[in-house]
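Engineer: Provided below for reference: sequence and predicted model.
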Number of protein chains: 2
Amino acid sequence: MRIITISREFGSGGRELGRRLADLLGCGYYDREIIAAIAGGKALDEGYVARALDGRAWRNMPLSLRRSFTTVASSVETALLLEQKRVVEEIAKAGEDCIIVGRNADVLLRDYAPFNLFVCADMDAKIRRCKERAPKDENLSRREMERKILGIDKGRARTREITTGSVWGDRTAYHLVINTTDWDIEELAPAVKDFADRWFGRTP
Amino acid sequence: MRIITISREFGSGGRELGRRLADLLGCGYYDREIIAAIAGGKALDEGYVARALDGRAWRNMPLSLRRSFTTVASSVETALLLEQKRVVEEIAKAGEDCIIVGRNADVLLRDYAPFNLFVCADMDAKIRRCKERAPKDENLSRREMERKILGIDKGRARTREITTGSVWGDRTAYHLVINTTDWDIEELAPAVKDFADRWFGRTP
(Lines give C-alpha, C1' and ligand atoms only; values in the text may rest on other atoms or scores of the structure.)
Protein backbone atom coordinates (compact mmCIF):
# COMPACT_ATOMS: atom_id res chain seq x y z
CA MET A 1 0.00 0.00 0.00
CA ARG A 2 1.32 3.45 -0.96
CA ILE A 3 0.27 6.45 1.06
CA ILE A 4 1.45 9.92 0.05
CA THR A 5 0.86 12.74 2.53
CA ILE A 6 0.99 16.38 1.52
CA SER A 7 1.58 19.18 3.99
CA ARG A 8 1.55 22.60 2.43
CA GLU A 9 1.74 26.34 2.82
CA PHE A 10 -1.61 28.00 2.12
CA GLY A 11 -1.70 29.08 -1.53
CA SER A 12 1.24 26.94 -2.64
CA GLY A 13 -0.82 24.61 -4.83
CA GLY A 14 -0.41 21.58 -2.58
CA ARG A 15 -4.06 20.64 -2.94
CA GLU A 16 -3.98 20.84 -6.74
CA LEU A 17 -0.77 18.80 -6.76
CA GLY A 18 -2.48 16.19 -4.57
CA ARG A 19 -5.50 15.94 -6.87
CA ARG A 20 -3.35 15.61 -9.95
CA LEU A 21 -1.17 12.97 -8.27
CA ALA A 22 -4.28 11.00 -7.34
CA ASP A 23 -5.42 11.20 -10.98
CA LEU A 24 -2.04 10.02 -12.27
CA LEU A 25 -1.86 7.21 -9.74
CA GLY A 26 -5.53 6.30 -10.03
CA CYS A 27 -5.86 6.29 -6.26
CA GLY A 28 -7.99 7.81 -3.53
CA TYR A 29 -7.71 11.45 -2.54
CA TYR A 30 -8.56 12.74 0.93
CA ASP A 31 -8.69 16.35 1.93
CA ARG A 32 -12.02 18.00 2.76
CA GLU A 33 -13.45 14.49 2.72
CA ILE A 34 -11.85 14.04 6.15
CA ILE A 35 -13.57 17.12 7.55
CA ALA A 36 -16.85 15.92 6.04
CA ALA A 37 -16.43 12.51 7.68
CA ILE A 38 -15.70 14.07 11.06
CA ALA A 39 -18.60 16.48 10.76
CA GLY A 40 -20.96 13.77 9.52
CA GLY A 41 -20.06 11.42 12.31
CA LYS A 42 -20.75 14.05 14.92
CA ALA A 43 -23.69 15.78 13.19
CA LEU A 44 -21.74 19.05 13.12
CA ASP A 45 -21.40 21.73 10.46
CA GLU A 46 -18.37 21.18 8.17
CA GLY A 47 -17.36 24.82 8.30
CA TYR A 48 -17.44 24.74 12.08
CA VAL A 49 -15.31 21.59 12.20
CA ALA A 50 -12.79 23.01 9.74
CA ARG A 51 -12.45 26.21 11.76
CA ALA A 52 -12.18 24.36 15.05
CA LEU A 53 -9.40 22.15 13.67
CA ASP A 54 -7.43 24.94 12.02
CA GLY A 55 -5.95 26.10 15.30
CA ARG A 56 -7.96 29.25 15.85
CA ALA A 57 -8.16 28.58 19.60
CA TRP A 58 -4.46 28.03 20.09
CA ARG A 59 -2.99 30.03 17.22
CA ASN A 60 -1.79 32.84 19.45
CA MET A 61 -0.88 30.79 22.46
CA PRO A 62 2.78 31.34 23.43
CA LEU A 63 4.87 28.23 22.91
CA SER A 64 5.84 28.26 26.58
CA LEU A 65 2.24 27.34 27.34
CA ARG A 66 2.27 24.38 24.98
CA ARG A 67 1.80 21.95 27.81
CA SER A 68 -1.40 23.59 28.92
CA PHE A 69 -3.11 22.91 25.59
CA THR A 70 -6.15 21.72 27.51
CA THR A 71 -6.60 25.20 28.96
CA VAL A 72 -7.20 26.74 25.52
CA ALA A 73 -8.73 23.84 23.58
CA SER A 74 -12.30 23.17 24.57
CA SER A 75 -13.47 19.61 25.07
CA VAL A 76 -15.17 19.89 21.68
CA GLU A 77 -11.87 20.74 19.98
CA THR A 78 -10.09 17.93 21.77
CA ALA A 79 -12.82 15.51 20.72
CA LEU A 80 -12.55 16.71 17.11
CA LEU A 81 -8.78 16.16 17.08
CA LEU A 82 -9.28 12.63 18.37
CA GLU A 83 -11.97 11.96 15.79
CA GLN A 84 -9.68 13.32 13.07
CA LYS A 85 -6.97 10.89 14.17
CA ARG A 86 -9.48 8.04 14.03
CA VAL A 87 -10.74 8.98 10.55
CA VAL A 88 -7.22 9.32 9.13
CA GLU A 89 -6.19 5.98 10.59
CA GLU A 90 -9.31 4.39 9.16
CA ILE A 91 -8.33 5.57 5.67
CA ALA A 92 -4.93 3.91 6.07
CA LYS A 93 -6.43 0.73 7.51
CA ALA A 94 -8.54 0.34 4.37
CA GLY A 95 -5.25 -0.69 2.76
CA GLU A 96 -5.67 1.18 -0.55
CA ASP A 97 -3.17 3.55 -2.16
CA CYS A 98 -4.11 7.14 -1.40
CA ILE A 99 -3.12 10.79 -1.16
CA ILE A 100 -3.93 12.63 2.05
CA VAL A 101 -3.65 16.42 2.15
CA GLY A 102 -3.12 18.12 5.49
CA ARG A 103 -4.31 16.84 8.89
CA ASN A 104 -0.69 16.05 9.90
CA ALA A 105 -1.33 12.66 8.35
CA ASP A 106 2.43 12.12 8.00
CA VAL A 107 2.71 11.96 11.78
CA LEU A 108 -0.60 10.19 12.43
CA LEU A 109 0.29 7.46 9.92
CA ARG A 110 3.97 7.08 10.77
CA ASP A 111 3.52 3.31 11.19
CA TYR A 112 2.32 3.00 7.60
CA ALA A 113 5.60 4.45 6.21
CA PRO A 114 3.98 7.07 3.98
CA PHE A 115 5.91 9.21 1.50
CA ASN A 116 5.72 12.69 3.01
CA LEU A 117 5.75 15.84 0.91
CA PHE A 118 5.81 19.45 1.99
CA VAL A 119 4.76 21.98 -0.65
CA CYS A 120 5.80 25.63 -0.45
CA ALA A 121 6.12 28.69 -2.68
CA ASP A 122 7.26 32.31 -2.63
CA MET A 123 4.81 34.75 -1.07
CA ASP A 124 4.24 36.48 -4.44
CA ALA A 125 3.33 33.18 -6.08
CA LYS A 126 0.98 32.30 -3.22
CA ILE A 127 -0.77 35.65 -3.38
CA ARG A 128 -1.20 35.28 -7.15
CA ARG A 129 -2.67 31.80 -6.73
CA CYS A 130 -5.00 32.93 -3.93
CA LYS A 131 -6.23 35.89 -5.98
CA GLU A 132 -7.00 33.64 -8.94
CA ARG A 133 -9.02 31.31 -6.74
CA ALA A 134 -10.69 33.87 -4.48
CA PRO A 135 -14.49 34.07 -4.38
CA LYS A 136 -15.74 36.99 -6.46
CA ASP A 137 -16.88 38.93 -3.41
CA GLU A 138 -13.53 38.62 -1.64
CA ASN A 139 -11.60 41.76 -2.36
CA LEU A 140 -8.46 41.63 -0.25
CA SER A 141 -5.53 43.93 -0.83
CA ARG A 142 -2.09 42.41 -1.30
CA ARG A 143 -1.27 43.15 2.31
CA GLU A 144 -4.52 41.64 3.59
CA MET A 145 -4.00 38.53 1.48
CA GLU A 146 -0.47 38.14 2.83
CA ARG A 147 -1.76 38.50 6.39
CA LYS A 148 -4.45 35.88 5.69
CA ILE A 149 -1.89 33.42 4.28
CA LEU A 150 0.50 33.90 7.20
CA GLY A 151 -2.37 33.57 9.68
CA ILE A 152 -3.58 30.28 8.24
CA ASP A 153 -0.07 28.85 8.15
CA LYS A 154 0.54 30.01 11.71
CA GLY A 155 -2.53 28.02 12.75
CA ARG A 156 -1.23 24.96 10.92
CA ALA A 157 2.18 25.32 12.52
CA ARG A 158 0.73 25.67 16.00
CA THR A 159 -1.68 22.78 15.54
CA ARG A 160 1.17 20.55 14.43
CA GLU A 161 3.50 21.57 17.22
CA ILE A 162 0.85 21.25 19.89
CA THR A 163 -0.71 17.99 18.75
CA THR A 164 2.36 16.16 17.40
CA GLY A 165 5.45 17.86 18.85
CA SER A 166 6.82 18.06 15.30
CA VAL A 167 7.84 21.35 13.70
CA TRP A 168 5.65 22.32 10.73
CA GLY A 169 7.71 22.90 7.59
CA ASP A 170 10.94 21.64 9.19
CA ARG A 171 12.87 20.19 6.26
CA THR A 172 13.92 16.98 7.96
CA ALA A 173 10.33 16.16 8.99
CA TYR A 174 9.43 15.37 5.35
CA HIS A 175 10.98 13.29 2.58
CA LEU A 176 10.75 15.99 -0.06
CA VAL A 177 10.06 19.72 0.07
CA ILE A 178 8.80 21.06 -3.25
CA ASN A 179 8.81 24.74 -4.16
CA THR A 180 6.04 25.27 -6.71
CA THR A 181 6.93 28.90 -7.49
CA ASP A 182 8.29 28.30 -10.97
CA TRP A 183 6.12 25.31 -11.87
CA ASP A 184 2.84 24.78 -13.60
CA ILE A 185 1.31 22.19 -11.24
CA GLU A 186 0.12 20.15 -14.21
CA GLU A 187 3.74 19.70 -15.30
CA LEU A 188 5.02 19.24 -11.77
CA ALA A 189 2.66 16.38 -10.91
CA PRO A 190 4.26 13.75 -13.20
CA ALA A 191 7.72 14.73 -11.90
CA VAL A 192 6.55 14.10 -8.35
CA LYS A 193 4.82 10.89 -9.36
CA ASP A 194 8.05 9.55 -10.88
CA PHE A 195 9.97 10.51 -7.76
CA ALA A 196 7.38 8.79 -5.55
CA ASP A 197 7.57 5.66 -7.73
CA ARG A 198 11.32 5.55 -7.14
CA TRP A 199 10.76 6.13 -3.42
CA PHE A 200 8.35 3.22 -3.04
CA GLY A 201 10.48 1.04 -5.32
CA ARG A 202 13.78 1.58 -3.50
CA THR A 203 15.68 -1.23 -1.82
CA PRO A 204 14.39 -1.46 1.76
CA MET B 1 22.90 25.03 -20.59
CA ARG B 2 21.79 23.20 -17.43
CA ILE B 3 23.36 24.09 -14.12
CA ILE B 4 22.37 22.20 -10.98
CA THR B 5 23.53 23.63 -7.67
CA ILE B 6 23.61 21.57 -4.49
CA SER B 7 23.59 23.12 -1.04
CA ARG B 8 23.73 20.59 1.76
CA GLU B 9 23.95 19.84 5.44
CA PHE B 10 27.31 18.37 6.39
CA GLY B 11 27.05 14.57 6.35
CA SER B 12 23.81 14.44 4.35
CA GLY B 13 25.37 12.89 1.26
CA GLY B 14 24.97 15.99 -0.92
CA ARG B 15 28.42 15.58 -2.37
CA GLU B 16 27.89 11.92 -3.28
CA LEU B 17 24.54 12.83 -4.81
CA GLY B 18 26.25 15.54 -6.87
CA ARG B 19 28.92 13.15 -8.14
CA ARG B 20 26.38 10.54 -9.10
CA LEU B 21 24.20 13.12 -10.84
CA ALA B 22 27.20 14.31 -12.83
CA ASP B 23 27.90 10.70 -13.84
CA LEU B 24 24.28 10.14 -14.91
CA LEU B 25 24.16 13.41 -16.82
CA GLY B 26 27.67 13.08 -18.20
CA CYS B 27 28.47 16.62 -17.18
CA GLY B 28 31.06 18.57 -15.21
CA TYR B 29 31.23 18.42 -11.42
CA TYR B 30 32.63 21.23 -9.30
CA ASP B 31 33.24 21.07 -5.60
CA ARG B 32 36.78 21.07 -4.20
CA GLU B 33 37.86 21.95 -7.73
CA ILE B 34 36.67 25.48 -6.96
CA ILE B 35 38.81 25.72 -3.83
CA ALA B 36 41.76 24.36 -5.83
CA ALA B 37 41.25 26.99 -8.54
CA ILE B 38 41.09 29.79 -5.99
CA ALA B 39 44.15 28.52 -4.13
CA GLY B 40 46.09 27.91 -7.35
CA GLY B 41 45.34 31.40 -8.68
CA LYS B 42 46.60 33.00 -5.49
CA ALA B 43 49.43 30.57 -4.72
CA LEU B 44 47.81 29.68 -1.40
CA ASP B 45 47.37 26.38 0.41
CA GLU B 46 44.04 24.65 -0.40
CA GLY B 47 43.40 23.76 3.23
CA TYR B 48 43.94 27.37 4.23
CA VAL B 49 41.57 28.62 1.54
CA ALA B 50 38.89 26.08 2.51
CA ARG B 51 39.10 27.07 6.16
CA ALA B 52 39.08 30.78 5.39
CA LEU B 53 35.96 30.40 3.23
CA ASP B 54 34.06 28.17 5.67
CA GLY B 55 33.12 31.07 7.89
CA ARG B 56 35.48 30.47 10.80
CA ALA B 57 36.09 34.20 11.21
CA TRP B 58 32.43 35.18 11.29
CA ARG B 59 30.81 31.99 12.55
CA ASN B 60 30.18 33.35 16.02
CA MET B 61 29.49 36.92 15.06
CA PRO B 62 26.07 38.04 16.33
CA LEU B 63 23.65 38.69 13.49
CA SER B 64 23.17 42.23 14.72
CA LEU B 65 26.74 42.89 13.64
CA ARG B 66 26.13 41.58 10.14
CA ARG B 67 26.73 44.98 8.61
CA SER B 68 30.19 45.22 10.07
CA PHE B 69 31.37 42.11 8.24
CA THR B 70 34.53 43.97 7.30
CA THR B 71 35.48 44.23 10.95
CA VAL B 72 35.75 40.44 11.33
CA ALA B 73 36.72 39.35 7.82
CA SER B 74 40.31 40.14 6.99
CA SER B 75 41.19 41.59 3.64
CA VAL B 76 42.45 38.12 2.69
CA GLU B 77 39.06 36.57 3.41
CA THR B 78 37.27 39.30 1.50
CA ALA B 79 39.60 38.77 -1.45
CA LEU B 80 38.98 35.01 -1.32
CA LEU B 81 35.21 35.49 -1.38
CA LEU B 82 35.54 37.75 -4.42
CA GLU B 83 37.82 35.26 -6.13
CA GLN B 84 35.34 32.47 -5.34
CA LYS B 85 32.57 34.51 -7.00
CA ARG B 86 34.75 35.00 -10.07
CA VAL B 87 35.66 31.31 -10.33
CA VAL B 88 32.02 30.18 -9.99
CA GLU B 89 30.90 32.68 -12.62
CA GLU B 90 33.65 31.52 -14.93
CA ILE B 91 32.34 27.95 -14.69
CA ALA B 92 28.89 29.14 -15.73
CA LYS B 93 30.27 31.33 -18.51
CA ALA B 94 31.91 28.29 -20.07
CA GLY B 95 28.37 27.35 -21.10
CA GLU B 96 28.56 23.62 -20.33
CA ASP B 97 26.09 21.59 -18.25
CA CYS B 98 27.43 21.16 -14.74
CA ILE B 99 26.82 20.36 -11.09
CA ILE B 100 28.18 22.77 -8.50
CA VAL B 101 28.28 21.72 -4.84
CA GLY B 102 28.33 24.44 -2.19
CA ARG B 103 29.81 27.93 -2.56
CA ASN B 104 26.29 29.46 -2.56
CA ALA B 105 26.42 28.97 -6.31
CA ASP B 106 22.60 29.15 -6.44
CA VAL B 107 22.79 32.80 -5.47
CA LEU B 108 25.98 33.65 -7.36
CA LEU B 109 24.54 32.19 -10.58
CA ARG B 110 20.97 33.45 -10.23
CA ASP B 111 21.13 34.96 -13.73
CA TYR B 112 21.83 31.53 -15.23
CA ALA B 113 18.56 30.07 -13.86
CA PRO B 114 20.11 27.01 -12.21
CA PHE B 115 18.09 24.19 -10.66
CA ASN B 116 18.78 24.54 -6.97
CA LEU B 117 18.77 21.59 -4.58
CA PHE B 118 19.18 21.52 -0.84
CA VAL B 119 20.13 18.16 0.67
CA CYS B 120 19.46 17.33 4.31
CA ALA B 121 19.16 14.31 6.62
CA ASP B 122 18.38 13.39 10.20
CA MET B 123 21.21 13.88 12.67
CA ASP B 124 21.50 10.12 13.26
CA ALA B 125 21.90 9.48 9.55
CA LYS B 126 24.49 12.25 9.24
CA ILE B 127 26.52 10.92 12.15
CA ARG B 128 26.42 7.42 10.64
CA ARG B 129 27.61 8.73 7.29
CA CYS B 130 30.38 10.83 8.88
CA LYS B 131 31.61 7.88 10.95
CA GLU B 132 31.79 5.69 7.84
CA ARG B 133 33.84 8.30 6.02
CA ALA B 134 36.01 9.49 8.90
CA PRO B 135 39.81 9.14 8.65
CA LYS B 136 41.03 6.18 10.69
CA ASP B 137 42.73 8.38 13.27
CA GLU B 138 39.61 10.48 13.88
CA ASN B 139 37.90 9.04 16.90
CA LEU B 140 35.07 11.37 17.77
CA SER B 141 32.30 10.39 20.17
CA ARG B 142 28.70 10.73 19.02
CA ARG B 143 28.41 14.02 20.86
CA GLU B 144 31.66 15.38 19.41
CA MET B 145 30.59 14.37 15.92
CA GLU B 146 27.23 16.08 16.36
CA ARG B 147 28.98 19.23 17.58
CA LYS B 148 31.31 19.11 14.56
CA ILE B 149 28.38 18.75 12.14
CA LEU B 150 26.44 21.59 13.74
CA GLY B 151 29.53 23.79 13.79
CA ILE B 152 30.28 23.31 10.09
CA ASP B 153 26.65 23.99 9.14
CA LYS B 154 26.61 27.06 11.36
CA GLY B 155 29.58 28.37 9.41
CA ARG B 156 27.79 27.68 6.12
CA ALA B 157 24.66 29.41 7.36
CA ARG B 158 26.57 32.46 8.52
CA THR B 159 28.62 32.69 5.36
CA ARG B 160 25.45 32.56 3.27
CA GLU B 161 23.61 35.14 5.33
CA ILE B 162 26.52 37.52 5.47
CA THR B 163 27.61 37.28 1.86
CA THR B 164 24.26 36.84 0.10
CA GLY B 165 21.53 37.98 2.52
CA SER B 166 19.74 34.68 1.86
CA VAL B 167 18.85 32.24 4.64
CA TRP B 168 20.72 28.93 4.43
CA GLY B 169 18.32 25.97 4.31
CA ASP B 170 15.23 28.15 3.98
CA ARG B 171 12.81 25.99 2.00
CA THR B 172 11.69 28.70 -0.42
CA ALA B 173 15.29 29.58 -1.34
CA TYR B 174 15.65 26.30 -3.27
CA HIS B 175 13.60 24.44 -5.85
CA LEU B 176 13.73 21.09 -4.10
CA VAL B 177 14.77 20.01 -0.61
CA ILE B 178 15.72 16.34 -0.46
CA ASN B 179 15.94 14.36 2.76
CA THR B 180 18.40 11.53 2.18
CA THR B 181 17.77 9.78 5.51
CA ASP B 182 15.93 6.77 4.08
CA TRP B 183 17.68 6.63 0.73
CA ASP B 184 20.66 4.84 -0.70
CA ILE B 185 22.22 7.74 -2.64
CA GLU B 186 22.86 5.42 -5.59
CA GLU B 187 19.08 4.87 -5.89
CA LEU B 188 18.23 8.48 -5.13
CA ALA B 189 20.40 9.95 -7.89
CA PRO B 190 18.30 8.71 -10.87
CA ALA B 191 15.13 9.96 -9.13
CA VAL B 192 16.67 13.42 -8.82
CA LYS B 193 17.97 13.26 -12.40
CA ASP B 194 14.45 12.54 -13.70
CA PHE B 195 13.03 15.39 -11.63
CA ALA B 196 15.71 17.76 -12.93
CA ASP B 197 14.98 16.68 -16.52
CA ARG B 198 11.32 17.61 -15.98
CA TRP B 199 12.39 20.91 -14.44
CA PHE B 200 14.56 21.93 -17.38
CA GLY B 201 11.97 20.63 -19.84
CA ARG B 202 9.00 22.49 -18.39
CA THR B 203 7.06 25.12 -20.32
CA PRO B 204 8.76 28.47 -19.65
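Structural biologist: It's in.

Engineer: how about A:His109, what does it touch?
Structural biologist: Small correction: residue A:109 is Leu, not His. A:3, A:5, A:88-89, A:92, A:100 (Cβ atoms under 8 Å, 6 or more residues apart in numbering or on different chains). Backbone N, C-alpha and C define where each C-beta goes, glycine included.

Engineer: now, among these, which is nearest to B:Gly28?
Structural biologist: A:Thr5 (37.0 Å; Cβ to Cβ).

Engineer: what's across from the nearest residue to A:Asp31 once chain neighbours are set aside in the sheet?
Structural biologist: With Cβ to Cβ, 6 or more residues apart in numbering or on different chains as the criterion, A:Asp31 has its nearest non-adjacent residue at 4.1 Å, and that residue is A:Val101. According to DSSP bridges, the partner residues bridging A:Val101 are A:Ile6.

Engineer: and for A:Val101, the neighbour number?
Structural biologist: 26 (other Cβ atoms under 10 Å in any protein chain shown).

Engineer: what of A:Asp54?
Structural biologist: A:Asp54 is flanked by 17 other residues according to other Cβ under 10 Å.

Engineer: just the element for the nearest residue to it once chain neighbours are set aside, please.
Structural biologist: The shortest distance from A:Asp54 to any non-neighbouring residue, by Cβ to Cβ, 6+ apart, is to A:Gly155 (4.8 Å). A:Gly155 is part of helix A:142-164, with elements assigned from DSSP states H and E.

Engineer: what about the next helix-or-strand element following that helix, near chain B?
Structural biologist: For helix A:142-164, the following helix or strand on the C-terminal side (DSSP H and E) is strand A:176-179. Yes - interface with chain B: strand A:176-179 contributes A:176-179 (Cβ under 8 Å from any Cβ of the partner chain).

Engineer: closest to chain B among the residues you listed?
Structural biologist: A:Val177 (3.5 Å; Cβ to the nearest Cβ).

Engineer: still on that earlier bit, what about the helix holding A:Gly155, average pLDDT?
Structural biologist: Mean pLDDT, helix A:142-164: 89.

Engineer: so which other helices or strands are in contact with that helix?
Structural biologist: Under the contact criterion of 3 or more Cβ pairs under 8 Å, 6 or more residues apart in numbering or on different chains; DSSP states H and E, helix A:142-164 touches helix A:105-108, helix A:123-133.

Engineer: just name the most buried of those.
Structural biologist: Comparing these by mean neighbour count (mean count of other Cβ atoms under 10 Å in any protein chain shown), helix A:105-108 ranks first with a mean of 24.

Engineer: what packs against it?
Structural biologist: Contacts defined by 3+ Cβ pairs under 8 Å, 6+ apart place helix A:105-108 against strand A:3-8, helix A:75-93, helix A:142-164.

Engineer: mind putting the ones you listed in a markdown table, distance to A:Val49 included?
Structural biologist: Below are these laid out as a markdown table (distance: least, Cβ to Cβ, whole Å):
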| stretch | distance to A:Val49 |
| --- | --- |
| strand A:3-8 | 19 |
| helix A:75-93 | 6 |
| helix A:142-164 | 13 |
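
Engineer: most tightly surrounded among the ones you listed?
Structural biologist: Mean neighbours per residue, mean count of other Cβ under 10 Å, is largest over the helices and strands packed on helix A:105-108 for strand A:3-8, with a mean of 26.

Engineer: counting by contacts, list what the very next helix or strand once past that strand packs against.
Structural biologist: Downstream of strand A:3-8, the next assigned helix or strand under DSSP H and E is helix A:14-25. When contacts are defined as 3+ Cβ pairs under 8 Å, 6+ apart, helix A:14-25 sits against strand A:3-8, strand A:28-30, strand A:98-101, strand A:115-120, helix A:185-201.

Engineer: so the last one, near chain B or not?
Structural biologist: Spelled out, that is helix A:185-201. Yes - counting by Cβ under 8 Å from any Cβ, chain B is contacted by helix A:185-201 at A:187-188, A:190-192, A:194-195, A:198-199.

Engineer: how close does A:Leu82 get to chain B?
Structural biologist: Counting by Cβ to the nearest Cβ, to the nearest Å, the gap from A:Leu82 to chain B is 29 Å.

Engineer: tell me what A:Asn179 is bridged to.
Structural biologist: Beta-bridge pairing of A:Asn179 under DSSP bridges involves A:Cys120.

Engineer: against chain B, how distant is A:Glu138?
Structural biologist: Going from A:Glu138 to chain B by Cβ to the nearest Cβ gives 25 Å.

Engineer: just to be sure, that residue is in a helix?
Structural biologist: No - A:Glu138: not assigned to a helix; according to DSSP: H, G, I helix; E, B strand; the rest coil it is coil.

Engineer: residues near it, how many?
Structural biologist: By other Cβ under 10 Å, 12 other residues sit near A:Glu138.

Engineer: quick one: residues contacting it.
Structural biologist: For A:Glu138, the contact set (Cβ under 8 Å, 6+ apart) is empty.

Engineer: same thing with A:Lys148?
Structural biologist: Contact analysis of A:Lys148 by Cβ under 8 Å, 6+ apart lists A:10, A:130, A:140.

Engineer: number of nearby residues for the residue lying closest to the second one once chain neighbours are set aside?
Structural biologist: Spatially, and ignoring its direct neighbours in sequence, A:Cys130 is nearest to A:Gly11 (4.5 Å; Cβ to Cβ, 6+ apart). Residue crowding around A:Gly11 was assessed by other Cβ under 10 Å; the count is 26.

Engineer: please report how far the most centrally placed residue in chain A lies from chain B.
Structural biologist: In chain A, the centroid-proximal residue (Cα atoms, centre = their mean) is A:Gly102; its distance is 1.8 Å. Look at A:Gly102 and chain B: by Cβ to the nearest Cβ, they are 17 Å apart.

Engineer: hmm, A:Arg8 and that residue touching each other?
Structural biologist: Yes - the criterion here is Cβ atoms under 8 Å, and A:Gly102 meets it with A:Arg8 at 7.3 Å.

Engineer: pLDDT weak spots in chain A?
Structural biologist: Chain A contains residues with pLDDT under 70 at A:56-74.

Engineer: re the thing from before, in contact with the residue nearest to A:Asp31, which residues?
Structural biologist: Shown in contact with A:Val101 (Cβ under 8 Å, 6+ apart): A:5-6, A:8, A:14-15, A:18, A:29-31.
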